[in-house]
Structure formats: structure tokens, C-alpha cells
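Chemist: What follows is a protein structure lacking sequence information:
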């Protein structure tokens, strides 16, 4: 049963100076229900563009996105989004933020109160539910964002560097939380990250993208996400295979960056 | 000049007194007090409340001291009041000289005074008596009663023994005496260093006026009615301006057609000072309430439009995306994301707009009005009622400050997340 299929997506747009940008070229992917796919790539490889297309915020110039056999044309509650900076609503309490989706759908409080309370428990914010979100730390805000997304029960969760702004320790804890939520809920997740380690730890599938034009460079299937569920992630990192993969992918991205630098220098010379 | 020097001396002296004396008793141990780098660290500069208090007291002290206030123990030297005299020497055409004394009675303006009784004395120059109001001067045709007149060639050669000729002046005991070009005497008693009430009335005179105008009224309206009407115009004008401007700003922030249509109008009208519209508004709507409210509406409109537009464009795109992917409709996005997110900007705009409106209403009333704080001040200045003018200015300032404080309180209550995102 295939749920999300990305069918030969291309994205090309004109610049005011007459040139054009080929942000994505012929990207095709199929993601099954319950898969967690992490996406890596040097800056400018179009990974955020791809995510925005899947979310429905951008329209591709060619190709289409199908979810559960219907065409994606715009944003919808079936595709939840978690942003780097939380994008929480400061004028609402933690609980109001988490219950935003159900409330917008016109559900009564008794229908969502239990789910919201459960999610607040899961992310460990039960004691903070009446607080204003600007009183929380960055890590807590990100947990609110996760809970808010899950409260809406989307089919697919799209994460755009959700842990990028957190400090190393908080980040590690949050990675464990993401894995736990993924296993518990069985959601399909696409996670964009800059951290090779994070991509390896969390990604059941790992997609490396290449820039100019943005395209899929290589795909891996990894065992680490399954290993990591409910365990200390530092143990997983000690796996020699983990280290090998990390080095391989790092040098791959490094080469791409070098190539970009070389091309830019040629262009300016 | 003297006042400036006194002010600087008080400023400096108070600084040293407070630093050396009082600071010892208020050693706070909060974080900022432990900073060693304070010069250049703006956050470490906290207003010294002693300085604020002394500053206010100094202003009232100087005001009182230089207007002869009874509330202030020390005074600058006042104008001379009382009896004084000086002697002039008249030279007859034949070269003989005779002295005569001028007895002057200097009285406070507003009180009745008689010219002093004078014994003419002997010789051909006779003694004179004059009365002069304090701060005024008096021309004395001293040869009216002399035996030899100026027409016959007599002239004054000295005052109190100091040689003098026409056009010159000399100091005497309690003032100065000038000879006019025609040779008569102009006596100006010493003015001292105090301000004349017509320039600057004493604090108690202003306070007394507040009481008087509050109960009896001025120009057919009591003080409260004047202030109420000014405030009423500001509030009505502001509310209408906000009621039109905020939706217009939202429309400009959300629709490119609205943005394109109104951009030239708003961008053109924004830099036009509302005061420049007063003549046109008077032509169109007269000097009544309608005209005032139209003017204040226009003053508030553009500010509120621009702040609402800025509020919409200030919404982080990720919040909009988040709301849509949580299933919000356009209307729900508006209601739950855009409006609350733009509130901080709208409040900033509202504070600016209220300030501008208050300034504009006073100015408009100065130009033409039947009632209002500005009209009260303007009419009072025409009749040289300086105490009413000063009272009006102080009350206008207090009200403007009060409006701003209320707006800030409302902001802190309604938009607690402002500046904390």
C-alpha cells in the first residue's frame, strides 16, 4: 500500500534579471505508510523546496504529488508540518496551541481534550499546559510544536530541520522523542536535516540530494532507527557500521560542496 | 543667563551630594549594581530617581524664586517698591546752576498710589514728585514748575552729581535716569531679577486660576468642559480613524489589488502633516465639531492603516503555513493568527496616533474653535492672561502623558507577548 508518491517533480522559476533557477529536476519517490525518511544535502539542493511542494505551499512546474490516491493541490490537515522555529502562536497557551487543529476543525472540547492531554503527557508538558508559549525554552517549544502536529492526527508529518535550533543535549533528547513518537503513532515522516548523524539515527530511509539542479543523488536503507527505538542513542552511534556510513555520506556531501565552490569560482573568474 | 548658571550649579551640586551622601544608604545588590562596565552599556544606565525628583523640584523652585512666589523661601531680588529720590542739576542760560530733588513713589502695578507731596524748595529749580509702577518707567517734565524752562535754554547737566547730557542715562540709588533727546527726565526704577507676572506668573497665581476657571469657567465654558471637548474630539476622531484604518490596512496586507489601489494614496497622505489640512477642513466643514473630527480622523487614519499593514506583513510565514497545514480556513487564519499577531504593531500605531491626534486637536483649536483646551490658551494669550496660558500648557501636557500611560497599560494587558517572541 503506497501512501505518498512524488511523481517526477520539477521546479523551475524565472528570476527578475531574465535568468532562471532549476530548483528541482525530475524527483520521484515513493514513501510507504509508517516510513521515516530523512533528507540530507548541501545547501541549495532543493530539499526545503521539495518539502514545501509536498506540504502544498508551492506548486511544481512539472509532476504531481499523490497522497492516498488523490492529488495534492494545497495545504491540508492530512499533512502536518513542524518548523525549525516552532512557529507557535504566542497569543495562545500551550494547551490552546496543541488543540489548534481540532478546534479549527470545529470539534468540541470533549472530543479532543483526552487526545491533547495524552499528547501533553507524552511530550512531558502536562505541568506547563496553561503557560504562555513564550515562557518556555526552545526545546519545550519544539515539543509543543510536535504535540500540536500530532493532535491533528495527520497522515504525513513533514519536518523542516525541527531540531536545528536546539543545543546538542536537548537535541539528543528530542531525537529520542521523535523516534518514540514515530514508533507509537506509526506516522509517515519526512525529516529534513543538516546533521548527518541525525539523518542516520532517525532515518529508516535516508535520501541524499545533490544541487544544481536539485535531484536525488543516493538513497540508503538503514537499520539504526529501528535499533534506536527506546534505547540510548549513544549506543547506536558506537556501532562501527554507523561510523562508516557517517564518513561515507559526509565525504559525499563534502565533495558536492567543493564542486559548488569550484563552479562558483569558475563563474566569477 | 543667570538662571541657566544657577540651574547648572544646582545640577552639579545635587549630583555630588547624592553621589557622596545618599548613595551610601541605598546599596542595592541586584545584578546590574554589580556591573563594572556601565559607561557604554545602555542597559546598566537606570534613571536615578533622586535626580528626577530634584530636577522637578528645581524647576518649581526657580519658577517660584524668579516670580516672587510666596511658596518659595528664597527669592531673586524683586523690583524696587517704595520711596526714593534723586537730584538733578539744572543749568540756566546764564551759566548759573541749581539743584532740585525728585521724590519718586514706586508702587505695585494694580494698586492705587498718589503722587508724593513735595515742598518746592528754593532756587530756580523746584523739587518734583512722581509716581511710577514697578517694572514701568515714567517721563518727568521737570521744568514745568521750574523758574527757567528748557525753551528758554535751561538744561540738565547732572543727576546726583554725575554729569549727563541728552540721550545718556545714569544710575541712581534705586533705578536709572535717562535724559531724553529733548532733555526731559525718564525714571526707571530698578527692575530686580524677577519676571513680571505678564511674562511669567507665579505658581500660586496659576494654581489660583485653575480653581477659578474650574468653578467659574472661561469664555462660557468651565475648565473641565474645555478639556472634555478636546478629549472627546480626540477619542471620537481616533476611533473612527482606527475603525476605517485597521480594516483598510488588513486589506492592503492581504490583497494585491487593495495594496496597489491604496498604496499611492496612503504613501502620499502619510507625510502630509495633519496641521496642513486645517485650512481645507475649515473651508469644507467649518470650525465646529464636524471639522475637528474629520481632521482627527484623517490624522489617525493613515497611521492606523500603515500599522495594520505592517502588522500583517510582520506575520512569520511559518505561522501562516503552520495554521493552514493544521487545517485552518482563510477566515480562521485571519481570526486566530493574523489579527492577534498584528496587535503589537497596531498598539504601537495607536499610541503614535493618539499622540498625533492630541497635538492636532490643540493646534486646530488654536486656529479656530468655540471651546477646547487650545482655544482657551489662545484666547487667554490675546488678553495677556499668561497664567491661563501656562495652566493650559501644563494641563495639555499632563493629559497627553496620561493618554500615553493608559495606552501602555492597555498594551501590556492585551499583548503580553510583545517583544518576547
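Modeler: Structure received. Being a predicted model, the structure only gives us computed values, none of them experimental.
Chemist: C-alpha only now, for contacts and for neighbours.
Modeler: Fine.
Chemist: Kindly state the pLDDT recorded for residue 155?
Modeler: Defaulting to chain A. pLDDT, residue A:155: 86.
Chemist: nope, chain B
Modeler: pLDDT for residue B:155: 83.
Chemist: Not counting sequence-adjacent ones, nearest residue to the closest residue to chain B within the stretch 151-269 of chain A?
Modeler: The minimum distance from the stretch 151-269 of chain A to chain B, using Cα to the nearest Cα, falls at residue A:152 (6.6 Å). Spatial nearest neighbour of residue A:152, excluding adjacent residues (Cα to Cα, 6 or more residues apart in numbering or on different chains): residue A:101 at 5.1 Å.
Chemist: Can you get me a residue count around that neighbour?
Modeler: 28 (other Cα atoms under 10 Å in any protein chain shown).
Chemist: what's the helix or strand for it?
Modeler: For residue A:101, the host element (DSSP states H and E) is helix A:100-104.
Chemist: which other residues reach that helix?
Modeler: Defining contact as Cα atoms under 8 Å, 6 or more residues apart in numbering or on different chains, one finds that helix A:100-104 is touched by A:77, A:109, A:112, A:148-149, A:151-152, B:323, B:326-329, B:332.
Chemist: cool, stretch A:15-23 as well?
Modeler: A:10, A:11, A:12, A:13, A:14, A:44, A:45, A:46, A:49, A:212, A:213, A:214.
Chemist: Tell me the spacing between the closest residue to chain A within the stretch 301-421 of chain B and residue A:245.
Modeler: Nearest to chain A in the stretch 301-421 of chain B, going by Cα to the nearest Cα, is residue B:327, at a distance of 4.4 Å. Here residue B:327 is placed at a distance of 39 Å from residue A:245 (Cα to Cα, to the nearest Å).
Chemist: Show me which of the two is the more surrounded one.
Modeler: Neighbours per residue (other Cα under 10 Å) separate residue B:327 from residue A:245, with residue B:327 holding more: 25 against 16.
Chemist: any idea how far that one lies from residue A:105?
Modeler: Taking Cα to Cα, one finds residue B:327 at 7 Å from residue A:105.
Chemist: Pretty sure the residue of the stretch 301-421 of chain B closest to chain A sits in a helix.
Modeler: No. Residue B:327 is assigned coil when assessed by DSSP: H, G, I helix; E, B strand; the rest coil, not a helix.
Chemist: my guess is it meets residue A:74, correct?
Modeler: No. Contact criterion Cα atoms under 8 Å: residue B:327 and residue A:74 do not qualify, at 10.8 Å.
Chemist: just to revisit the earlier point, ok, so of the contacts of stretch A:15-23, who is nearest chain B?
Modeler: Each of these was scored against chain B by Cα to the nearest Cα, and residue A:49 proved nearest at 13.7 Å.
Chemist: Strands of the chain, start to end?
Modeler: No chain was given, so I picked chain A. A:2-14, A:20-32, A:36-40, A:62-67, A:70-71, A:79-82, A:156-160, A:188-192, A:205-210, A:215-221 (DSSP state E).
Chemist: that's the wrong chain, I meant chain B
Modeler: Using DSSP E, the strands found in chain B span residues B:82-91, B:97-107, B:128-133, B:138-140, B:155-159, B:162-163, B:169-172, B:175-179, B:185-189.
Chemist: If you count contacts, what does the longest helix seen in chain B end up packed against?
Modeler: Criterion DSSP state H: the longest helix present in chain B is helix B:223-254. If you count contacts as 3 or more Cα pairs under 8 Å, 6 or more residues apart in numbering or on different chains; DSSP states H and E, helix B:223-254 packs onto helix B:203-216, helix B:256-269, helix B:289-313, helix B:339-367, helix B:373-382.
Chemist: which of these is buried the deepest?
Modeler: The highest average neighbour count among the helices and strands packed on helix B:223-254, using mean count of other Cα atoms under 10 Å in any protein chain shown, belongs to helix B:289-313 at a mean of 25.
Chemist: Could you give the separation of it from the chain centroid?
Modeler: Distance of helix B:289-313 from the chain centroid (Cα atoms, centre = their mean, to the nearest Å) equals 28 Å.
Chemist: Check whether it comes into contact with chain A.
Modeler: No. Using Cα under 8 Å from any Cα of the partner chain, helix B:289-313 never reaches chain A; the gap is at least 14.3 Å.
Chemist: Just name whatever secondary elements that helix is in contact with.
Modeler: Checked by 3+ Cα pairs under 8 Å, 6+ apart, helix B:289-313 has helix B:223-254, helix B:256-269, helix B:278-285, helix B:339-367 packed alongside it.
Chemist: can you pull the contacts of residue 199?
Modeler: Answering for chain A, as no chain was given. Contacts of residue A:199 (Cα under 8 Å, 6+ apart): A:38, A:39, A:40, A:191, A:192, A:193, A:206.
Chemist: Chain B was what I was after
Modeler: residue B:386.
Chemist: Quickly note the distance from it to residue B:60.
Modeler: For residue B:199, the distance to residue B:60 equals 16 Å [Cα to Cα].
Chemist: picking up where we left off before, ranking the strands of chain B by burial, who's on top?
Modeler: Here the criterion is mean neighbour count by mean count of other Cα under 10 Å, and of the strands of chain B the winner is strand B:185-189, at a mean of 24.
Chemist: Among the strands of chain A, which comes closest to residue B:277?
Modeler: Evaluated over the strands of chain A, closeness to residue B:277 peaks at strand A:2-14, with 45.7 Å, by Cα to Cα.
Chemist: Tell me the strands beside that closest one, with direction?
Modeler: strand A:20-32 (antiparallel), strand A:62-67 (antiparallel) (DSSP bridges).
Chemist: returning to that earlier point: how much does the longest helix of chain B deviate in direction from helix B:373-382?
Modeler: 130 degrees (axes from the mean of the first three to the mean of the last three Cα atoms, to 10 degrees).
Chemist: Distance from the chain centre to helix B:223-254, please.
Modeler: Remark: helix B:223-254 is offset 26 Å from the chain centroid, using Cα atoms, centre = their mean.
Chemist: What about the residue of chain A found nearest chain B, how many residues nearby?
Modeler: Relative to chain B, the nearest point of chain A is residue A:77 (4.4 Å; Cα to the nearest Cα). Close neighbours of residue A:77, defined as other Cα under 10 Å, add up to 23.
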